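**Student:** 3D, please:
(one chain, ligands or ions: 1)
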Amino acid sequence: MFLTLEGIDGCGKTTQARLLSERLRRSGTACGDVVWTKEPGGWTGGDKIRELVLRDGLEHPLSELFLFLADRCEHVLQVIAPALKEGKTVICERYTDSTLAYQSWGRGLPMERIEDLFRWCGFPSPDLTIWIDLPAPAAYHRMAGRGRMDRLEEEGTVFLEKVRSGFAFLAERDRARIVRIDGDKDIPGISAEIIDTVLAFLSRRGKERDC
Ligand code: TYD
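**Tutor:** Numbering: from 1, shown residues only. Alright, predicted model coming up:
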């Protein structure tokens, strides 16, 4: 099973990915064999691309796009595809929807071209995507409390609202895959909703007993 977690910066993905991984691992069953990873940078050597793409200095939106794609090519080849082949549950923070939301809706690059590149790269499609939705001002407030921001985080709330509308568009378009969770609640409440969503998905696939 390939699960992705998406949302704007500061929406709480990492906390929720950790809680979901712990819940599935505790089940002690097949779907508890979890690989928890993230983009950008979730493969050996990925730190260098991550550093390059998130620090100051990039000016061309296409160089940003291609760095995220290069990162994903290695991540899929080295981490995601092997884990899926071994029947593991992959939980990935950010994936193709982030590229569409940030580089197309945020930066204005054409979505069809980006989706052509996804097909060309042969990226596997997630089975289920959880979109943790939070208004940009609330997310920005959380990030400001965390200290230093990276290049994309510094873009501010107008940029993040554009990205958020990208996620909203995708959730509407790919309704069978993407589930919106209200991120403006407490951590246990959000976690319970995510776990229910994942278990409901597994049950539709006839695998709930395993978890
Ligand atoms: P990160 O520190 O990992 O943020 P978060 O914890 O919120 O995921 O930074 C990742 C940044 O990269 C984030 O601002 C979103 C951005 N990003 C893109 O713009 N396009 C992409 O394809 C991906 C994977 C991430």
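**Student:** Enumerate every residue touching residue 24.
**Tutor:** Residue 24 makes contact with 31, 32, 34, 89, 91, 198, 211, according to CB atoms under 8 Å, 6 or more residues apart in numbering. Bear in mind the C-beta positions are built from the backbone N, C-alpha and C, glycine included.
**Student:** separation between residue 115 and the ligand?
**Tutor:** 13 Å (CB to the nearest ligand atom, to the nearest Å).
**Student:** Quick one: the strands in the chain, in order.
**Tutor:** Taking DSSP state E, the strands of the chain run over residues 2-6, 34-38, 89-93, 128-133, 178-182.
**Student:** follow-up on the earlier one: which one of the contacts of residue 24 is nearest residue 61?
**Tutor:** Within the contacts of residue 24, distances to residue 61 taken as CB to CB reach their minimum at residue 91, with 28.8 Å.
**Student:** Could you pick out the residues of this structure near the ligand for me?
**Tutor:** Contact residues, the chain versus the ligand (CB under 6 Å from any ligand atom): 9, 13-14, 39-40, 54, 68, 93-94, 98-99, 102-103, 150, 152-153.
**Student:** Pick the most deeply packed of the strands of the chain.
**Tutor:** Greatest average neighbour count among the strands of the chain goes to strand 2-6 (a mean of 25), per mean count of other CB atoms under 10 Å.
**Student:** Give the partner strands of that strand in its sheet and their orientations.
**Tutor:** strand 89-93 (parallel), strand 128-133 (parallel) (DSSP bridges).
**Student:** Looking at that strand now, give me its mean pLDDT.
**Tutor:** The average pLDDT within strand 2-6 is 98.
**Student:** how far does that strand sit from the chain's center?
**Tutor:** Its chain's average C-alpha position is 5 Å from that of strand 2-6, according to CA atoms, centre = their mean, to the nearest Å.
**Student:** mind starting the numbering at 692 from now?
**Tutor:** Renumbered: residue one is now 692, and that last one reads strand 693-697.
**Student:** just the angle between it and strand 869-873, please?
**Tutor:** Per axes from the mean of the first three to the mean of the last three CA atoms, to 10 degrees, the angle that strand 693-697 makes with strand 869-873 is 40 degrees.
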